[in-house]
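>>> Fold the following and give me the result.
(one chain, ligands or ions: 2)
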Amino acid sequence: MTTTVIQRKLNEEYCRNANSIKAMVDSGLTHIPSDFILPQNMQPRFTKSDKSRDVPTIDLSLVNDESERPRIATAVTEAAKEWGVFKVVGHGISATLRKKLIQVIREFFDLPLSDKLQFLGPSGDTSTPRYGRTRRGKTGHQSWRDQFHHRTPPLDFEELQSWPEKPETYRDTILEWTKEIQKVTDTVFSLLADAYDLQPRRLQNLMGTAESGMEATMLAAYYPPCPQPDVASGIVAHTDPVGMVVNFEDVPGLEVQKDGTWILVAPDPESLIILTGDAMEIITNGRCKSCEHRVLLKEKQDRVSALVLMKPSLEAKLCVAPEFITSGPPSRFMGMNMTYREYLQTFRRKCSDATVDS
Ligand SMILES: O=C(O)CCC(=O)C(=O)O
Ligand SMILES: [Fe+2]
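Ligands and ions are numbered 1, 2, ... in the order given. Next up is the predicted model:
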């Protein structure tokens, strides 16, 4: 065996046991283990992006102005239908908080591995915070990323105590961030409800049960630099099974699929990126699209993103809501009638590269 082959085998062995891509990269990894090399038809070098287009941007600053609100509601429904993804500005979240958020997430991933490993555990368990590298999905492809996630408030005191003590500002910053994002998602859900002529909280109610409403997860993602960014992915192409995702990134990298092309979401320090997921696509009978997306890597630059995932309750029924049933040929969503829990089990079986599923 040549030195390169030996080196590669060592890397692969190391990778199989590693809990952190960052630790692997920090230890001087020179090749990407073959596990991370995607099939050619998924490699960024063969699936070029169109940099001349961007997803729609919607300004929310005038949502409470009665004369402006219908126009904003229409823009949101059109973006959700055409794209399943859009950026929002005028959301009211200060530049200071946005900066603090990215800083605290970077500080968390910069902690010594031993500090992060206390949160190691299966990512499906949501009752306590979970850290680890994003594990291979059932489609078999590896993502080049570490992640940390937990539920968001309201939480009982004990669960809040399980949040990291380091960095010192973690708890306060994330509490503030998730509170602000909750307001933004309430606004977006209510704008959609307005445009569909529904009660303001109808969409959230459809994704809850009498016993429990929607839940939210905070997911912080860290994408280390990658020696071969053209053949791997920060997260491989997927749709999110949840209702809605609010994403904030510090470095561009998110790409969305539109009309058969990958489109890089253009960087913008103010925008939040909102994606509608499978659950919204199903209950609205396809009026909202669940957008396929992936994350590109860079050779010399790392990236963090902060996602808040608005998820249906596990027992909520996922089916087309009566308000969205139309005459004419039935859509592919019409036959669906299962709990979100059951959907995740099917979803996971078919395409579980979405990391944030339960
Ligand atoms: O990091 C990002 O921008 C997107 C991550 C993502 O799509 C996911 O975790 O489901
Ligand atoms: Fe996603």
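
>>> Only C-alpha atoms from now on, for both contacts and neighbour counts.
Will do.

>>> okay, now the closest residue to Ala237 other than its chain neighbours: neighbour count?
Distances taken as C-alpha to C-alpha, 6 or more residues apart in numbering put Arg294 closest to Ala237, at 4.4 Å, once the chain neighbours are dropped. For Arg294, the neighbour count with other C-alpha atoms under 10 Å is 21.

>>> Name the next helix or strand following the helix or strand where Arg294 lies along the chain.
Following DSSP states H and E, one finds Arg294 within strand 293-295. For strand 293-295, the following helix or strand on the C-terminal side (DSSP H and E) is strand 303-311.

>>> Now look at that next one and say if it contacts ligand 1.
Yes: Strand 303-311 lies within reach of ligand 1 by C-alpha under 6 Å from any ligand atom, at Ser305.

>>> List the pairing partners of that strand within its sheet, with orientation.
Using DSSP bridges, the strands paired with strand 303-311 are strand 215-223 (antiparallel), strand 244-249 (antiparallel).

>>> quick one: strands adjacent to the helix or strand following the longest one?
Secondary structure here is assigned by DSSP H and E; on that basis, the next helix or strand after strand 215-223 toward the C-terminus is strand 235-238. Strand 235-238 pairs in its sheet with strand 293-295 (antiparallel), by DSSP bridges.

>>> residues making contact with the partner strand?
Applying C-alpha atoms under 8 Å, 6 or more residues apart in numbering, the contact partners of strand 293-295 are 233-239, 253-257.

>>> how many other residues sit next to the closest residue to Asp35 other than its chain neighbours?
Nearest residue to Asp35, sequence neighbours excluded (C-alpha to C-alpha, 6+ apart): Gln142, at 6.5 Å. Using other C-alpha under 10 Å, Gln142 has 23 neighbouring residues.

>>> list the contacts for Gln142?
Applying C-alpha under 8 Å, 6+ apart, one finds that Gln142 lies in contact with 35-36, 38, 134-136, 233, 235-236.

>>> quick one: it and ligand 1, what's the gap?
For Gln142, the distance to ligand 1 equals 13 Å [C-alpha to the nearest ligand atom, to the nearest Å].

>>> quick one on the thing from earlier: right, and the strands paired with strand 303-311 - which one's nearest Ala79?
Closest approach to Ala79 among the strands paired with strand 303-311 (C-alpha to C-alpha): strand 244-249, 13.4 Å.

>>> Can I take it that Ala279 is in a helix?
Yes: under DSSP: H, G, I helix; E, B strand; the rest coil, Ala279 sits within a helix.

>>> With adjacent residues omitted, what lies nearest to it?
Using C-alpha to C-alpha, 6+ apart and skipping residues adjacent in sequence, the residue nearest Ala279 is Gly243, 4.8 Å away.

>>> One more: Ala75?
Closest residue in space to Ala75, ignoring its immediate chain neighbours: Ile58 at 7.0 Å, by C-alpha to C-alpha, 6+ apart.

>>> Does the one you found have any beta-bridge partners, and if so which?
Beta-bridge pairing for Ile58 (DSSP bridges): Val88.

>>> Near it, how many other residues are there?
Applying other C-alpha under 10 Å, we find 18 residues neighbouring Ile58.

>>> so it makes contact with Lys87?
Yes: if you go by C-alpha atoms under 8 Å, Ile58 and Lys87 touch, sitting 6.1 Å apart.

>>> could you point out where the stretch 1-150 of the chain is predicted with low confidence?
Residue ranges of the stretch 1-150 of the chain with pLDDT under 70: 1-17, 122-125, 137-139.

>>> In it, which residue sits nearest ligand 1?
Residue of the stretch 1-150 of the chain nearest ligand 1, by C-alpha to the nearest ligand atom: Gln147 (8.5 Å).

>>> Pull up the pairing partners for the one helix or strand that residue maps to, direction included.
Using DSSP H and E, Gln147 falls within strand 146-151. Here strand 146-151 is paired, per DSSP bridges, with strand 130-133 (antiparallel), strand 215-223 (antiparallel).

>>> so the helix ranked longest in the chain versus strand 244-249, what angle?
Identified as the longest helix of the chain according to DSSP state H is helix 170-196. Counting by axes from the mean of the first three to the mean of the last three C-alpha atoms, to 10 degrees, helix 170-196 lies at 130 degrees to strand 244-249.

>>> before we move on, the earlier item: which of the contacts of strand 293-295 lies closest to ligand 1?
Proximity to ligand 1 was ranked across these by C-alpha to the nearest ligand atom; first place goes to Leu254, at 4.8 Å.

>>> circling back: and the contacts of strand 293-295 near ligand 1, which?
Among these, proximity to ligand 1 is found for Leu254 (C-alpha under 6 Å from any ligand atom).

>>> Restricting to C-alpha, output stretch 177-193 in PDB.
Extracted C-alpha coordinates of stretch 177-193, given in PDB (Å, rounded to 0.1, in the frame of the first residue of the first chain):
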ATOM      1  CA  TRP A 177     -33.100  34.300  20.200                       C
ATOM      2  CA  THR A 178     -35.800  31.500  20.400                       C
ATOM      3  CA  LYS A 179     -38.300  34.000  22.000                       C
ATOM      4  CA  GLU A 180     -37.700  36.400  19.000                       C
ATOM      5  CA  ILE A 181     -37.900  33.600  16.500                       C
ATOM      6  CA  GLN A 182     -41.200  32.400  18.000                       C
ATOM      7  CA  LYS A 183     -42.600  35.900  17.300                       C
ATOM      8  CA  VAL A 184     -41.400  35.700  13.700                       C
ATOM      9  CA  THR A 185     -42.900  32.300  13.000                       C
ATOM     10  CA  ASP A 186     -46.200  33.400  14.600                       C
ATOM     11  CA  THR A 187     -46.200  36.300  12.200                       C
ATOM     12  CA  VAL A 188     -45.400  34.200   9.200                       C
ATOM     13  CA  PHE A 189     -48.000  31.600  10.100                       C
ATOM     14  CA  SER A 190     -50.600  34.300  10.600                       C
ATOM     15  CA  LEU A 191     -49.800  36.000   7.300                       C
ATOM     16  CA  LEU A 192     -50.300  32.600   5.600                       C
ATOM     17  CA  ALA A 193     -53.500  32.100   7.500                       C
END
